[in-house]
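Enquirer: coords please:
(2 chains)
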Amino acid sequence: MQEGILLLVAVFAPLAGAFLLPLLGRLSTRFRDLVALALVVASLGCSLALVPGALNGEVVRFSVSGPLGLSLGFAADALALFMAIVSSLVGAIIMLFSFDYISHYENQNEYYLMAVVFLGAMMGLVFSTNLVFLFVFWEITGIASWRLIGFYRSKTDVLKADKAFLITALGALIMLVGILAVYGQTGTFDLDAMKGVALPFWVSMLLLVGMLSKSATLPFQTWLPDAGVAPSPVTALLHAAVLVKIGVYVFARLFLATFAFDEALRTIVASIAGSSALVSAGAALVDTDFKRIVAYSTVSQIGFIFLGLAMGTPLGVAGALLYILMHGLAKAGLFLCAGIVEQNTGTKDITKLGGLIRTMPWTAGAFLLCVFSVMGIPPLGGFFSKYMVVSAAVSSGEIAMSVVFLAGALLTILYLFRLFSKVFLGEPQGAVAVEKSRLMVACVVLLAALSLAGGLLVSWPSLLAKAAILQMLGVVQ
Amino acid sequence: MSPYLLVLAIVIPAVAGLVALVLPTHRARWAAGALAVVATGCELGLAIYLFPHDLFFSQPWLVFGTGFTVDLAFKLSRFSAFILLAIAGFGFLVSVFSSVSMAGAPSSRRFHAWVLFTVAMAAGAVLADNLLLLLFFWEGLLLTLFGMIVAGKTRPFATAIKAFVIVGITDLCMMLGVMLTGHLAGTLSMSSIHLPLDGLGSVAFLLLLIGAMGKAGAMPFHSWIPDAAVDAPLPFMALLPASMEKLLGIYFLARISLDLFVLTPEAWVSPILMSLGAATILFAVMMALVQKDYKRLLAYHAISQVGYMILGIGTALPIGIVGGLFHMVNNAIYKSSLFLSGGAVERQTGTTDLGKLGGLARSMPVTAICFVVAAASISGVPPFNGFFSKELVYDSALERGWIFYAVALLGSFFTAASFLKLGHSAFFGKPADASRKVKEAPWPMLVPMIVLAVLCLVFGVANSLPLGRLIEPAVGATVTRGETFAGFPSSMLLVGLTVGVLILACLNHAFGVRRTGKGLGAVDHIHYAPGLSSVYALQETGVLDPYRILTSVVRLAAAVLYRIDRVIDWLYSTVATQSAFAITWLLRKAHNGNVSRYLAWSILGAIGVVLAVLAIFGGVR
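Expert: Residues are numbered from 1 along each chain as shown, chains lettered A, B, ... in the order given. So this is what the prediction gives:
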């Protein structure tokens, strides 16, 4: 039962605690900031405390039965814990970064409320065992991100926020039809009760549309670069670490951990992922807005995660899980570096930037390390995840697909170097920018260090990933 | 003996590298250099100590249920012991050299750290007995490559990025090759992979081959080396492109040809390898011939010499394989010596522009003697080491086809010609402005050069030492079939032809010098020969640089992909919103508050309902 309480704290500390933040903000802004961070750290701590059990294959559950199949249920299996830890870890670092970044804007109370609600909903989503509640949490993240993207409140900001909300909500509605169809077939919303059920192809497709729209994959990708108008910690939170990983996570939860794996999905999802990886990598080579480039890069990298999951083999799924971790860390680092650069120079246009390595050496160094991790260069963490997902494709006989993804990896190297050169190298342009906030720089250095540790100590997260695939795929050691 | 010693061979330089990064260099400028010398010295001692042993270390690392298990496996075989020794040796000599040449440079701390990391990564790559582990260290060298180039005086990021991208592409190909090999063999453990060169096997082999060639700097993955020669710190050139990358690339090439796959002369990849080797020899040496910069000239030779090794191994004949590997060792020795001599010249005179140098033999006699020995070795003058390894390669090339032999011999002619030009214009002839009042380089820079020059002679005269102790045991009795290739070449005809070509090169030099009146102009009659001059001019503009071609192709592809993205975005931003407006406009028009309009809609609707009911139920009946 004690573990059950940990589970509840992990979900409801941020979800309920968030509503205290606007009140606290009226007392003391510093105190509010610290409480916001503490709520996220509480989630992280509770999730971490559940890891030893999960490694032994135990699943902690908590449920309250309700009418009409609407029982509220949470379960902390290895897959959910992996996702929860990645989200809350990156989320906590981003909250810390926000202390200095947000401190001179209006609507701070709303910012902290929405960001913490967002993370709480994410926790609820990953631990949910009920499709309806999963959907509810899914939509809460959508609403929170809608407010967060439009944080600056100008007309274009609001338009972009609407676009993000409308596209993901459209996907979610289509998915809702799929959920109802699942209910029609199984008579339950409980994920545990529908284990091993084979879905009709069209229902899988309906569910897939929702996941693709949330994870900003072709043909639903364009809201993601547009949402780069948000404050940088928001883009890091939504676009790198958490929001875009929702679709991927639910894919793993439904298609791999719950329903019988449909072989027809493999080719379809892999092809969508492959074109998404290539198209957005190409776009990242052309665009000139710092954050849009990094956002396109996210779209491209999500393709790699989908590839690993679509293969459905232990290697592919383990690789995809590690990818979620490594990409979350490194990409959050890139977005936060973009935030530092943007705040100190006043522009996101890379044609107006240059030579910042001289005045912002720490940011440049951290940026470069994160870049190497996204490229997949050892000893950084991205190497292992990239190897594993593409190798899974090769082992499944999808050799042409693996070539497409390696072309994507080449483009990744090229567009990230282009970005690095334009921003940090060459001649300085405009005013001399310096690293004003030590806290912000410390956050990106921490993310870079974690990316490095993720590669050197790759066997640690691998333990949890292995426990997850044991549970999901029933693989025997 | 504890197998943990193998891990120590990686840990020592890695930890030393970390320490070097945090040393307080503003107080002790020599500290990082001294640490590098001590650490690489320990590494060399360890490599010597381990040399006679066979060790195996294995520990589970990444385990994901059935089908994918990666062990942290290191293996010391005859082959890896030999390469490890060479890596440690070159690491040590270059550290000694750069402890002086880099002292006082603002980037010296970083540079020494990168040298140590490079040694650690290279040791890991050689010892690894698992393909993924090998790839980890192999690709990790990308980072050290990048870091070392960036430690140059001008922070040459553009060159570093170029090097990174080119080598990165070959590493991606190699990654795919590793995946395919693992898929075909069902394991990543190198000791237990023996695949036939059939359909998919050949593809895997070619992909791994690209990785090996990219590391070794063979064409067409070469174009960053001349750029790096100019921008990067000079010890970098002696360490990576001249010695360590060749050692690693050719080591891996030999492993895949002899061990993971079995390359036979009948396999269709064998002629491909030989052609790549021959093309690399010829084109790179043609470029070297016309260079007017000490370091750039050497850089093109660093590319050209790989051709001999690939040609030798590509023949798949015992004599060629042994010759190729022997050439790898010899090349590493004389090429580092040459680069170090270039470094000494640059430090003492402040330039490497051959037009501003001249007559250095008088002021820098030791450097000059080392240069002459190394240049004679690379040109294949008996009795230096390069002569013996080239003869072995020639012998095998002739057996597989006269054209390969002819190209290799032509390469030798140009090699000799370009070194005559280089030596004449830098060390002999009239002293130029930059060469006056020059002193000899300090002894920590000279000692590595002298050691390497002596090795050039020893490995030539006493070639049974490297061949019998290092190379033949490395490839094993199954390849050599118990034969030995030491001693003087057996075919006097080939030796005669080699000497004839060297004499021709000297005559050519004399002709060129008489024609232009200076050493630097010795090959102008080839440079500006009709036909050739336009090719050279084209090359000067960089149009033929594969990197340039790649970036323009990628730019075009990216533009197309970006259009696709924009079209999809247009569907949402314009088509979706405009159609929403259009529909609401229609609905608004329909609801204008006019009672007669509403009545008309109602009647139309009622008719529609009746028709629908009739259509459905009428159809049933």
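Enquirer: Show me what the helix or strand residue B:563 falls within is packed against.
Expert: Under the criterion of DSSP states H and E, residue B:563 resides in helix B:546-570. In this structure, helix B:546-570 makes packing contacts with helix A:263-286, helix A:399-424, helix B:157-185, judged by 3 or more Cβ pairs under 8 Å, 6 or more residues apart in numbering or on different chains; DSSP states H and E. All C-beta atoms are positioned from the backbone trio N, CA, C, and that covers glycine.
Enquirer: so which of the ones you listed comes closest to residue A:380?
Expert: Of all those, helix A:399-424 sits nearest to residue A:380, with 12.6 Å by Cβ to Cβ.
Enquirer: any idea of the mean pLDDT for that closest one?
Expert: Average pLDDT, helix A:399-424: 91.
Enquirer: residue of chain A with the smallest distance to chain B?
Expert: residue A:282 (2.4 Å; Cβ to the nearest Cβ).
Enquirer: List the contacts of that residue.
Expert: Residue A:282 sits next to A:411, B:557, B:558, B:559, B:560, B:561, B:562, B:564, B:565 when contact means Cβ atoms under 8 Å, 6 or more residues apart in numbering or on different chains.
Enquirer: Up against chain B, what does the stretch 151-300 of chain A have?
Expert: Within the stretch 151-300 of chain A, the positions near chain B by Cβ under 8 Å from any Cβ of the partner chain are A:163, A:167, A:218-219, A:221-223, A:226, A:278-283, A:285-287, A:296.
Enquirer: one more time with 6 Å, if that's ok
Expert: A:219, A:222, A:279, A:282, A:283, A:285, A:286 (Cβ under 6 Å from any Cβ of the partner chain).
Enquirer: neighbour-wise, which of those residues leads?
Expert: Counting neighbours by other Cβ atoms under 10 Å in any protein chain shown, the top entry in these is residue A:283, with 30 neighbours.
Enquirer: could you check the distance from it over to residue A:226?
Expert: Residue A:283 sits 12 Å away from residue A:226, going by Cβ to Cβ, to the nearest Å.
Enquirer: buried residues in the helix holding residue B:563?
Expert: Neighbour counts over helix B:546-570 (16 or more other Cβ atoms under 10 Å in any protein chain shown) mark B:547, B:550, B:554, B:557, B:558, B:561, B:562, B:564, B:565, B:568, B:569 as buried.
Enquirer: ok, the residues of the stretch 151-300 of chain A next to chain B vs residue A:43, which is closest?
Expert: Checking these against residue A:43 with Cβ to Cβ, the nearest one is residue A:222 at 31.4 Å.
Enquirer: returning to what we had before: what's the offset of the helix holding residue B:563 from the middle of its chain?
Expert: Taking Cα atoms, centre = their mean, to the nearest Å, one finds helix B:546-570 lying 28 Å from the centre of the chain it belongs to.
Enquirer: Which helix or strand lies directly C-terminal to that helix?
Expert: Following helix B:546-570 toward the C-terminus (DSSP H and E): helix B:577-590.
Enquirer: which residues sit against that next one?
Expert: Applying Cβ atoms under 6 Å, 6 or more residues apart in numbering or on different chains, helix B:577-590 has no contact partners.
Enquirer: pLDDT (mean, whole number) over it?
Expert: According to the model, helix B:577-590 has a mean pLDDT of 90.
Enquirer: Now for the nearest residue to residue B:104 once chain neighbours are set aside, how many residues are close by?
Expert: With sequence-adjacent residues excluded and distances taken as Cβ to Cβ, 6 or more residues apart in numbering or on different chains, residue B:104 is closest to residue B:29, at 5.8 Å. Counted by other Cβ under 10 Å, the residues lying close to residue B:29 total 16.
Enquirer: measure residue B:29 to residue B:448 for me?
Expert: Counting by Cβ to Cβ, the gap from residue B:29 to residue B:448 is 20 Å.
Enquirer: Up against chain A, what does the stretch 101-250 of chain B have?
Expert: So far as Cβ under 6 Å from any Cβ goes, the stretch 101-250 of chain B lies against chain A at B:136, B:139-140, B:142-143, B:157, B:161, B:168, B:172, B:176, B:179-180, B:183.
Enquirer: Check these and tell me the two furthest apart.
Expert: Spanning the widest gap among those are B:157 and B:183, at 37.3 Å by Cβ to Cβ.
Enquirer: Which one of those two is surrounded by more residues?
Expert: The neighbour comparison of residue B:157 against residue B:183 (other Cβ under 10 Å) goes to residue B:157, with 21 against 18.
Enquirer: Which single residue in the stretch 501-621 of chain B comes nearest to chain A?
Expert: residue B:561 (2.4 Å).
Enquirer: thinking again about what came up before, report the two of the residues of the stretch 151-300 of chain A next to chain B separated the most.
Expert: Farthest apart among these by Cβ to Cβ are A:219 and A:285. That separation is 19.8 Å.
Enquirer: mind listing the strands for the chain?
Expert: Unless you meant another one, I'm taking chain A. Using DSSP state E, the strands of chain A run over residues A:60-64, A:72-76.
Enquirer: hmm, I had chain B in mind actually
Expert: B:55-57, B:60-63, B:69-71, B:74-76.
Enquirer: Give me the residues contacting the last one.
Expert: Among residues not part of strand B:74-76, those counted as contacts by Cβ under 6 Å, 6+ apart are B:6, B:50, B:55, B:56, B:57, B:127, B:129.
Enquirer: distance between that strand and the chain's centre?
Expert: With Cα atoms, centre = their mean, you get 23 Å for strand B:74-76.
Enquirer: Repeat that for the longest one.
Expert: Strand B:60-63 sits 30 Å away from the centroid of its parent chain (Cα atoms, centre = their mean).
Enquirer: if you skip the residues just before and after it, what's nearest to the residue of the stretch 201-350 of chain B found nearest chain A?
Expert: Relative to chain A, the nearest point of the stretch 201-350 of chain B is residue B:203 (8.5 Å; Cβ to the nearest Cβ). Excluding the flanking residues, the one nearest residue B:203 by Cβ to Cβ, 6+ apart is residue B:180, at 6.5 Å.
Enquirer: Number of residues surrounding residue B:311?
Expert: 32.
Enquirer: how close does the closest residue to it other than its chain neighbours get to residue B:260?
Expert: Nearest residue to residue B:311 in three dimensions, chain neighbours excluded: residue B:277, at 3.2 Å (Cβ to Cβ, 6+ apart). To residue B:260, residue B:277 is 20 Å away according to Cβ to Cβ.
Enquirer: Compare neighbour counts for the two and give me the winner.
Expert: Legend: neighbour count by other Cβ under 10 Å for residue B:277 and residue B:260, higher for residue B:277 (30 against 22).
Enquirer: Can you check what pLDDT the model gives that one?
Expert: Residue B:277 carries a pLDDT score of 92 in this model.
Enquirer: isn't it right next to residue B:312, touching?
Expert: No: with contact defined as Cβ atoms under 6 Å, residue B:277 does not reach residue B:312; the gap is 7.6 Å.
Enquirer: Now do the longest helix seen in chain B: which elements does it pack against?
Expert: Longest helix in chain B by number of residues (criterion: DSSP state H): helix B:318-349. Using 3 or more Cβ pairs under 6 Å, 6 or more residues apart in numbering or on different chains; DSSP states H and E as the contact test, the elements touching helix B:318-349 are helix B:78-101, helix B:234-239, helix B:245-255, helix B:294-314, helix B:365-379, helix B:385-400, helix B:443-461, helix B:477-480.
Enquirer: Name the residues that touch the helix-or-strand element of chain B with minimal mean pLDDT?
Expert: Counting by mean pLDDT, DSSP states H and E, the weakest-scoring helix or strand in chain B turns out to be helix B:477-480, with a mean of 75. With contacts defined as Cβ under 6 Å, 6+ apart, helix B:477-480 is touched by B:318, B:321, B:472.
Enquirer: With that, I have no additional questions.
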